[in-house]
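*Asks:* Structure for the following, please:
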Amino acid sequence: MKKYSIFCICILYLTGCELIEIGTKRAPSIEVSQKSPIGTVFLFKAKLDSNNINDASHLFLRPSGDTYLAIEKLELNDDLYRLSRIIGKKSITSYKTDTLDENLCSVFMQIDYTRKMHFDTKKIKDDWYIVGYK
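*Replies:* As a prediction, this is how the structure comes out:
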């Protein structure tokens, strides 16, 4: 009986001091909006997952900050359909951002542990847009 009570006191002491961590740490939540570079890329991925290619193409701008012409958006839609078949409905396993400038940011993303994507984002009028991807 004495050994059992000493064992219980030791367990309570160890969990109270948090020397042993039970469970895993949660990843920080990301706001899926155009207010941050990573949020813009997550929004783009969500639009591809829901097969909403036309809305996904509105997240793209030229590197100069100008919008695409209608014929260029149609060509971009073909590329986005192909991209949605490659990365659509797959989970994002890791990501990393690299700030190049106050208004430029690169987002590196690994999808389903198999594909690596690189997105260049640019801030224009308080919103972030994708200006290129690889």
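*Asks:* The residue most central in space within the chain: which element?
*Replies:* Centroid-nearest residue in the chain: residue 42, 4.3 Å away (criterion: C-alpha atoms, centre = their mean). Taking DSSP states H and E as the definition, residue 42 sits inside helix 37-49.
*Asks:* Ok, residue 6 next?
*Replies:* Going by DSSP H and E, residue 6 is part of helix 2-17.
*Asks:* What helices and strands are in contact with the lengthiest strand in the chain?
*Replies:* The longest strand of the chain (DSSP state E) is strand 115-124. Contacts defined by 3 or more C-beta pairs under 8 Å, 6 or more residues apart in numbering; DSSP states H and E place strand 115-124 against helix 37-49, helix 70-87, strand 104-111, strand 127-133. For glycine as for every other residue, the C-beta is placed from the backbone atoms N, C-alpha and C.
*Asks:* That one pairs with which strands, parallel or anti?
*Replies:* Strand 115-124 pairs in its sheet with strand 104-111 (antiparallel), strand 127-133 (antiparallel), by DSSP bridges.
*Asks:* With mean pLDDT and distance to residue 85 as extra columns, can I get those in TSV?
*Replies:* As requested, the strands paired with strand 115-124 are arranged in TSV below (pLDDT from 0 to 100; distance: least, C-beta to C-beta, whole Å):
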stretch	mean pLDDT	distance to residue 85
strand 104-111	94	13
strand 127-133	94	15
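*Asks:* beta partners of residue 128?
*Replies:* Residues in beta-bridge contact with residue 128 (DSSP bridges): residue 123.
*Asks:* now residue 119
*Replies:* residue 107, residue 133.
*Asks:* Contact partners for it?
*Replies:* For residue 119, the contact set (C-beta atoms under 8 Å, 6 or more residues apart in numbering) comprises 41, 44, 106-107, 109, 130, 132-133.
*Asks:* quick one on the thing from earlier: any idea which of the helices and strands packed on strand 115-124 is most buried?
*Replies:* helix 37-49 (a mean of 21; mean count of other C-beta atoms under 10 Å).
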